[in-house]
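Student: 3D model of this:
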Amino acid sequence: MLSVLCRPADTVALRELIFAETTTLGIRSQQVARHCLPRTSVTVTTAHGDIRVKVARWAGGEKAAPEYEDCRRAAQAAGVPLRVVYEAALAEHWKIQASGRP
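Tutor: Numbering: from 1, shown residues only. The predicted structure follows:
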(Lines give C-alpha, C1' and ligand atoms only; values in the text may rest on other atoms or scores of the structure.)
Protein backbone atom coordinates (compact mmCIF):
# COMPACT_ATOMS: atom_id res chain seq x y z
CA MET A 1 0.00 0.00 0.00
CA LEU A 2 1.26 3.45 -0.90
CA SER A 3 0.06 6.51 1.01
CA VAL A 4 0.84 10.02 -0.18
CA LEU A 5 0.21 13.30 1.59
CA CYS A 6 0.37 16.40 -0.60
CA ARG A 7 -0.98 19.88 -1.06
CA PRO A 8 -4.27 19.98 -3.00
CA ALA A 9 -2.51 21.82 -5.83
CA ASP A 10 -0.16 18.83 -6.32
CA THR A 11 -2.87 16.16 -6.47
CA VAL A 12 -3.13 15.80 -10.26
CA ALA A 13 0.62 15.72 -10.84
CA LEU A 14 1.17 13.11 -8.11
CA ARG A 15 -1.73 11.00 -9.32
CA GLU A 16 -0.18 10.97 -12.81
CA LEU A 17 3.21 10.07 -11.34
CA ILE A 18 1.74 7.17 -9.36
CA PHE A 19 -0.05 5.80 -12.43
CA ALA A 20 3.13 6.14 -14.50
CA GLU A 21 5.56 4.66 -11.97
CA THR A 22 3.55 1.88 -10.30
CA THR A 23 1.41 -1.06 -11.38
CA THR A 24 -1.73 0.33 -9.76
CA LEU A 25 -4.97 0.50 -11.72
CA GLY A 26 -6.78 2.74 -9.25
CA ILE A 27 -6.21 5.39 -6.61
CA ARG A 28 -8.44 6.33 -3.69
CA SER A 29 -8.15 9.90 -2.49
CA GLN A 30 -9.52 11.96 0.33
CA GLN A 31 -8.88 15.31 1.94
CA VAL A 32 -7.59 15.40 5.49
CA ALA A 33 -7.12 18.22 7.96
CA ARG A 34 -4.17 18.82 10.22
CA HIS A 35 -4.52 20.63 13.51
CA CYS A 36 -1.31 21.92 15.12
CA LEU A 37 -0.62 23.35 18.53
CA PRO A 38 1.21 26.66 18.59
CA ARG A 39 4.81 26.00 19.53
CA THR A 40 7.97 27.65 20.65
CA SER A 41 11.53 26.41 20.65
CA VAL A 42 14.02 26.33 23.51
CA THR A 43 17.60 25.10 23.55
CA VAL A 44 18.84 22.76 26.26
CA THR A 45 22.42 21.79 26.98
CA THR A 46 23.17 18.09 27.30
CA ALA A 47 26.37 16.07 27.66
CA HIS A 48 26.14 15.66 23.88
CA GLY A 49 25.78 19.36 23.07
CA ASP A 50 22.99 21.88 22.64
CA ILE A 51 19.68 20.48 21.40
CA ARG A 52 16.65 22.50 20.35
CA VAL A 53 13.35 21.33 21.86
CA LYS A 54 9.93 22.18 20.41
CA VAL A 55 7.43 23.04 23.15
CA ALA A 56 3.65 23.23 22.71
CA ARG A 57 1.23 24.31 25.40
CA TRP A 58 -2.54 24.01 25.49
CA ALA A 59 -5.24 23.89 28.12
CA GLY A 60 -4.49 20.22 28.82
CA GLY A 61 -0.80 20.70 29.55
CA GLU A 62 2.49 20.81 27.71
CA LYS A 63 4.27 18.64 25.17
CA ALA A 64 7.94 18.72 24.27
CA ALA A 65 9.91 17.08 21.46
CA PRO A 66 13.64 17.42 20.77
CA GLU A 67 14.55 18.36 17.19
CA TYR A 68 15.38 15.17 15.32
CA GLU A 69 18.21 16.64 13.23
CA ASP A 70 19.93 18.15 16.29
CA CYS A 71 19.73 14.77 18.03
CA ARG A 72 20.94 12.90 14.96
CA ARG A 73 23.98 15.15 14.52
CA ALA A 74 24.88 15.02 18.21
CA ALA A 75 24.48 11.24 18.35
CA GLN A 76 26.64 10.75 15.29
CA ALA A 77 29.34 13.06 16.66
CA ALA A 78 29.32 11.33 20.06
CA GLY A 79 29.03 7.80 18.68
CA VAL A 80 25.93 7.04 20.73
CA PRO A 81 22.42 5.93 19.72
CA LEU A 82 20.08 8.75 18.70
CA ARG A 83 17.66 7.62 21.43
CA VAL A 84 20.28 8.43 24.10
CA VAL A 85 20.58 12.04 22.91
CA TYR A 86 16.80 12.41 22.47
CA GLU A 87 16.10 11.18 25.99
CA ALA A 88 18.86 13.37 27.47
CA ALA A 89 17.41 16.47 25.79
CA LEU A 90 13.90 15.65 26.95
CA ALA A 91 15.07 14.97 30.51
CA GLU A 92 16.96 18.29 30.59
CA HIS A 93 13.88 20.15 29.33
CA TRP A 94 11.65 18.66 32.05
CA LYS A 95 14.31 19.30 34.69
CA ILE A 96 14.38 22.98 33.71
CA GLN A 97 10.57 23.12 33.74
CA ALA A 98 10.43 21.58 37.22
CA SER A 99 12.96 24.07 38.56
CA GLY A 100 10.93 27.03 37.31
CA ARG A 101 13.82 28.44 35.27
CA PRO A 102 12.88 29.96 31.90
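
Student: For the lengthiest helix in the chain, buried residues please.
Tutor: Counting residues, the longest helix found in the chain (DSSP state H) is helix 82-99. Neighbour-count burial for helix 82-99, counted by 16 or more other CB atoms under 10 Å, picks out V84, V85, Y86, A88, A89, L90, E92, H93. Quick note: C-beta positions are derived from backbone N, CA and C, even for glycine.

Student: There's contact between the fifth one and A47 in this structure, I believe.
Tutor: It refers to A89. No: judged on CB atoms under 8 Å, A89 makes no contact with A47 at a distance of 10.3 Å.

Student: if I look at the spatially closest residue to T22 that is not a sequence neighbour, how far off is E69?
Tutor: With sequence-adjacent residues excluded and distances taken as CB to CB, 6 or more residues apart in numbering, T22 is closest to L2, at 6.9 Å. Taking CB to CB, to the nearest Å as the measure, L2 and E69 are separated by 26 Å.

Student: okay, those two: which has more neighbours?
Tutor: A direct count of neighbours by other CB atoms under 10 Å for L2 and E69 places E69 higher, at 10 against 7.
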